[in-house]
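> curious how this folds, go ahead:
(chains A, B, C and D)
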There are 2 protein chains.
Amino acid sequence: MNSILDQLMLNFPLDKIDMELLQSKIKTKHVAKGEILQMKGELSNNFYFVKQGLLRSYVIDDNGKEHIFMFAPEGWIIADNVSNAIQVPSELFIDALEASEIEICNKHFFEEAMAQHSQVVAVSTKKLINRMAVLQRRVIMLMSASAMQRYEHFLETYPNIVQRVPQKMIASYLGITPEALSKIRGGMTRKK
Amino acid sequence: MNSILDQLMLNFPLDKIDMELLQSKIKTKHVAKGEILQMKGELSNNFYFVKQGLLRSYVIDDNGKEHIFMFAPEGWIIADNVSNAIQVPSELFIDALEASEIEICNKHFFEEAMAQHSQVVAVSTKKLINRMAVLQRRVIMLMSASAMQRYEHFLETYPNIVQRVPQKMIASYLGITPEALSKIRGGMTRKK
DNA sequence: CTTATTTATTAATCTAGGTTAATGCACAAG
DNA sequence: CTTGTGCATTAACCTAGATTAATAAATAAG
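Predicted coordinates:
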């Protein structure tokens, strides 16, 4: 699971020729902490697979505040699917929270892979659906759960992210201020 | 655009035989106002195309409160895509806000259509992506915009829905109480 | 037409979370 | 070692929106 091709091959076999062809279209890159891969307003064509490290996507609102949209640790793919699919300028920034090693494949990689292997369609549709499930739960959470409930849910769902990023970023993901998160955490540990 | 088949045919031609085959799998149904098509906890297999009327999907949270997830007026498809795709119990209820005429197709309809016409894959992927774009914007809105900004955005985006549903449902969609929405509206009209 | 039920509005009060600001800590950089 | 920059915590205060409740208006049901 150290490459995007490994992920594809979990779902169906690829012969050597196909593999080499596909591999040739994937660029591996080392990015420094803080390096920006994609900016709002750009037309995005890339998917980023995280071999090592941690990326995030986020928006900056009218008041200049960041809101983290997703974290992508090892083994995850991060992208602005909307911009990739319908060629509309990206809403999202993508950058590295840690020095990372990533694979970059542009959308033509997937298009070709789909043309060659009909199963790729099913796999990538499933990934889209999973992503949608996350967004769906997130909307419901934002509408119906308190900040503390959202934090607890985050801890359960992404226990390994919590230790790796500053708390203000978790606050940003949850849609609250760092001060509010600090208060919540204080209250929670005091109770135990 | 009065049938789900018309929607598909906007994107590519179908011959008569295919059309009749597909048509035979679509059930047309009249539903009364308030009729429930799908309950939380059920395994969903259906997509609903609205020929006439208005449907909605929503969740009920732990405190028994409804949160509307989407409205579907004429020409829209509404479904729990997540439950359909990965066969997990549905989070969502779907019911009719007006007496409606709908077409029900179960997911095998799409699976067959995809098998017969590779273009259906592209069309339905595009629909998924559009749905994702809506969710993406909604998450961003819920995290960064005030209730009033969200209401204004709703008015711009769905001007035709506003007159057709009780305001408490718009409040439910926005993630606020009916009282708060009433206050916002009062303030807005007074200013003009 | 009359009655019952849902809906919208308004007002009084309360609270989760925002804002501002000060303090202490952990580092990274010189 | 000193200085600076970013992060976490705490506290005082503020505000958007929730809650509760009462009333009026609109819809539905008998």
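
> CA atoms for contacts and neighbours, from now on please.
Fine.

> who does the longest helix along chain A touch, helix- and strand-wise?
Secondary structure of chain A per DSSP state H: the longest helix is helix A:118-144. Helices and strands touching helix A:118-144, by 3 or more C-alpha pairs under 8 Å, 6 or more residues apart in numbering or on different chains; DSSP states H and E, are helix A:107-116, strand B:66-73, helix B:81-86, helix B:118-144.

> tell me what angle the helix or strand following it forms with helix A:118-144.
Downstream of helix A:118-144, the next assigned helix or strand under DSSP states H and E is helix A:147-157. In terms of direction (axes from the mean of the first three to the mean of the last three C-alpha atoms, to 10 degrees), helix A:147-157 departs from helix A:118-144 by 150 degrees.

> just the buried residues of the following helix or strand past helix A:147-157, please?
Next along the chain after helix A:147-157, taking DSSP H and E as the criterion, comes helix A:159-162. Burial within helix A:159-162, assessed by neighbour count using 16 or more other C-alpha atoms under 10 Å in any protein chain shown, is assigned to residue A:161.

> okay, and the helix or strand of chain A with the least pLDDT?
Lowest on mean pLDDT, DSSP states H and E among the helices and strands of chain A sits helix A:16-23, with a mean of 75.

> could you tell me the angle between that one and helix A:107-116?
For helix A:16-23 against helix A:107-116, the angle by the same axes, to 10 degrees is 160 degrees.

> mind listing what's buried in helix A:16-23?
residue A:22.

> re earlier: point out the most buried one among the helices and strands packed on helix A:118-144.
Of all the helices and strands packed on helix A:118-144, strand B:66-73 has the most neighbours on average by mean count of other C-alpha atoms under 10 Å in any protein chain shown, namely a mean of 21.

> what's next to that strand, contact-wise?
A:140, A:143-144, B:50, B:52-61, B:78, B:161, B:169, B:172-173, B:175 (C-alpha atoms under 8 Å, 6 or more residues apart in numbering or on different chains).

> and DNA strand C, which of those contact it?
Restricting the contacts of strand B:66-73 to those touching DNA strand C (C-alpha under 7 Å from any atom of the strand) yields residue B:169.

> can you list which of the contacts of strand B:66-73 are found in helices?
A:140, A:143, A:144, B:161, B:169, B:172, B:173.

> what about the host helix or strand of residue A:7, average pLDDT?
Per DSSP H and E: residue A:7 is located in helix A:4-9. Helix A:4-9 carries an average pLDDT of 82.

> could you do stretch A:33-49 as well?
Stretch A:33-49 shows a mean pLDDT of 93 in the predicted model.

> buried set for that stretch?
So for stretch A:33-49, counting by 16+ other C-alpha under 10 Å, buried means A:35, A:36, A:38, A:39, A:43, A:44, A:45, A:46, A:47, A:48, A:49.

> among these, find me the one that's closest to residue A:11.
Nearest to residue A:11 out of these is residue A:49 (C-alpha to C-alpha; 16.9 Å).

> go ahead and confirm that closest one touches residue A:56.
No - assessed by C-alpha atoms under 8 Å, residue A:49 is found out of contact with residue A:56, at 11.7 Å.

> got any residues that touch both of the two?
residue A:78.

> roughly how far does residue A:152 sit from residue A:159?
Residue A:152 sits 10 Å away from residue A:159, going by C-alpha to C-alpha, to the nearest Å.
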